[in-house]
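attaching a predicted model along with its sequence, questions to come.
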Amino acid sequence: MYRVLLVDDDMIVQMFLKDAFHWEQYGFEVVGEARDGEEALYQVKRLEPDLVLTDISMPRINGITLIQRLRSEQAFD
């Protein structure tokens with residue numbers, strides 16, 4: 001099962017993403033949520049998700065910067 005981290009500063013969007021799909025039916029498990037990129041960086045280190053689904057426009061660290069930082073800090077094959 002693939003582990004998913006949802007990142008969005010809008011709690012309603014987070015709830016929608018979490019509830020709108022039958023994640024388990026497709027081999028995914030939502031293991032965590034974050035409200036901004038800074039919290040997401042912490043959650044990625046703690047939860048080690050396989051997939052990060054992120055909003056682009058967020059406070060503190062936006063989604064683009066988050067992905068850039070994750071790519072620079074992680075070893076990808």
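Perfect, I can see it now. Just so it is clear, the structure is predicted and the values come from calculations on it, not from any experiment.

CA only for contacts and neighbour counts going forward, please
Fine.

just give the closest residue to Pro49, not the sequence neighbours.
Spatially, and ignoring its direct neighbours in sequence, Pro49 is nearest to Arg3 (4.7 Å; CA to CA, 6 or more residues apart in numbering).

swap that for Gly63, please
Closest to Gly63 by CA to CA, 6+ apart is Ile56, at 4.0 Å.

next one: Val44
Once flanking residues are discounted, Val44 sits nearest to Leu5: 7.6 Å by CA to CA, 6+ apart.

re earlier: from Gln43, how far off is the residue nearest to Gly63?
Note on Ile56: its distance to Gln43, by CA to CA, to the nearest Å, is 17 Å.

cool, Asp55 as well?
Plainly put, Asp55 is 15 Å away from Gln43 if you go by CA to CA.

go on, Gly32?
According to CA to CA, Gly32 stands 7 Å off from Gln43.

now do the shared contacts for these two.
Common neighbours of Gly32 and Gln43 are listed as Leu5 (criterion: CA atoms under 8 Å, 6 or more residues apart in numbering).

how about the contacts made by Leu5?
Leu5 touches 30-34, 43-44, 49, 51-53, counting by CA under 8 Å, 6+ apart.

show me where this structure has its strands.
For the chain, the strands defined by DSSP state E occupy 2-7, 28-34, 51-54.

wait, which of these is closest to Leu17?
Closest to Leu17 of the strands of the chain, according to CA to CA: strand 2-7, at 7.9 Å.

quick check: buried residues in that closest one?
Neighbour counts over strand 2-7 (16 or more other CA atoms under 10 Å) mark 3-7 as buried.

residue ranges with poor pLDDT in the protein?
Along the chain, the model assigns pLDDT under 70 to residues 75-77.

at 50 what do you get?
Applying pLDDT under 50 to the chain flags residues 77.

wouldn't Gly32 be in contact with Leu6 here?
Yes: between Gly32 and Leu6 a contact is recorded at 6.4 Å, counting by CA atoms under 8 Å.

can you get me a residue count around Met11?
13 (other CA atoms under 10 Å).

quick one: it from Leu17, how far?
Applying CA to CA to Met11 and Leu17 gives a distance of 10 Å.

surely the residue nearest to Gly63 touches Gln68?
No: in this structure Ile56 lies outside contact range of Gln68 using CA under 8 Å: 11.9 Å.
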